[in-house]
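In: coordinates only, no sequence provided:
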DNA sequence: ATCAAGATTACCT
DNA sequence: GGTAATCTTGATA
């Protein structure tokens, strides 16, 4: 049985896709590792260059953001603050510069790998496990995602998402986004209510 | 050619 | 709460 999310999931409007991404399972099948790394998406933010000044695509296509203008179903990875990478799921139709930032996840498998990469140890306290993936750059550090994964096709076998039932609307919290200076009024951050793995209240 | 900003994190008081 | 770390990108201050 194959419950991998298909192209049609990603081709939808960015806000619909963002809300629906909550609860889905992010999987990295890195053939260099003995285990598949996986985690449940618990917090996301939507970015839409048409109307959103905080989106990297607001001023049009550039070398960095061009993957966001492709059809949904690719990874967009960017480097920021001289240190960190952040991962996005490209959504929507071709030539629409939209994507969903992955802000926090709940670890499922590959805990020892996450522990080694995040804190250089395999003995894990509950507090450290909560800290594995509760921020966009932490996710990339734990999954070892950087430039080389930019543009990855999520309908192939290396990195993909698994279906999970949609989180009911009354369990989804909608707020303004974090860490941006423009378009701060847009309520485009979504997270699973009462989940302890989100980045910030 | 130059420069300021940046979808963050970890560590300090 | 405050801020250093660190460097690519995209606009041209």
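Out: Cool, the structure landed. Fair warning: this is a prediction, and the values are worked out from it, not measured in the lab. Numbering: from 1, shown residues only, chains lettered A, B, ... in the order given.

In: and what about the residue nearest to the spatial centre of chain A, helix, strand or coil?
Out: Central residue of chain A (C-alpha atoms, centre = their mean): residue A:102, 2.2 Å from the mean position. Counting by DSSP: H, G, I helix; E, B strand; the rest coil, the backbone at residue A:102 sits in strand.

In: does it touch residue A:77 like I think?
Out: No. Residue A:102 is beyond contact range of residue A:77, at 10.4 Å (criterion: C-beta atoms under 8 Å). To be clear about C-beta, it is placed using only N, CA and C from the backbone, and glycine gets the same treatment.

In: anything in contact with each of the two?
Out: Residues touching both residue A:102 and residue A:77 by C-beta atoms under 8 Å, 6 or more residues apart in numbering: A:86-88.

In: got those residues as TSV, with neighbour count and secondary structure columns?
Out: Formatted as TSV, the shared contacts of residue A:102 and residue A:77 follow (neighbours: other C-beta atoms under 10 Å; DSSP: H, G, I helix; E, B strand; the rest coil):
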residue	neighbour count	secondary structure
A:86	21	strand
A:87	25	strand
A:88	25	strand
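
In: quick check: which of these are also close to DNA strand B?
Out: A:86, A:88 (C-beta under 7 Å from any atom of the strand).

In: quick check: end-to-end length of stretch A:164-182?
Out: Stretch A:164-182 has an end-to-end distance of 33 Å (C-alpha to C-alpha, to the nearest Å).

In: quick check: buried residues in that stretch?
Out: By 16 or more other C-beta atoms under 10 Å, the buried positions in stretch A:164-182 come out as A:167, A:172-173, A:177, A:180.

In: just the ones in helices from those residues, please.
Out: Within these, no residue falls in helices by DSSP state H.

In: which ones are touching residue A:128?
Out: Applying C-beta under 8 Å, 6+ apart to residue A:128 gives the contacts A:115, A:118-119.

In: per-residue pLDDT, the nearest residue to residue A:112 once chain neighbours are set aside?
Out: Of all residues not flanking residue A:112 in the chain, residue A:122 sits nearest, at 4.8 Å (C-beta to C-beta, 6 or more residues apart in numbering). Each residue has a pLDDT score; the one for residue A:122 is 82.
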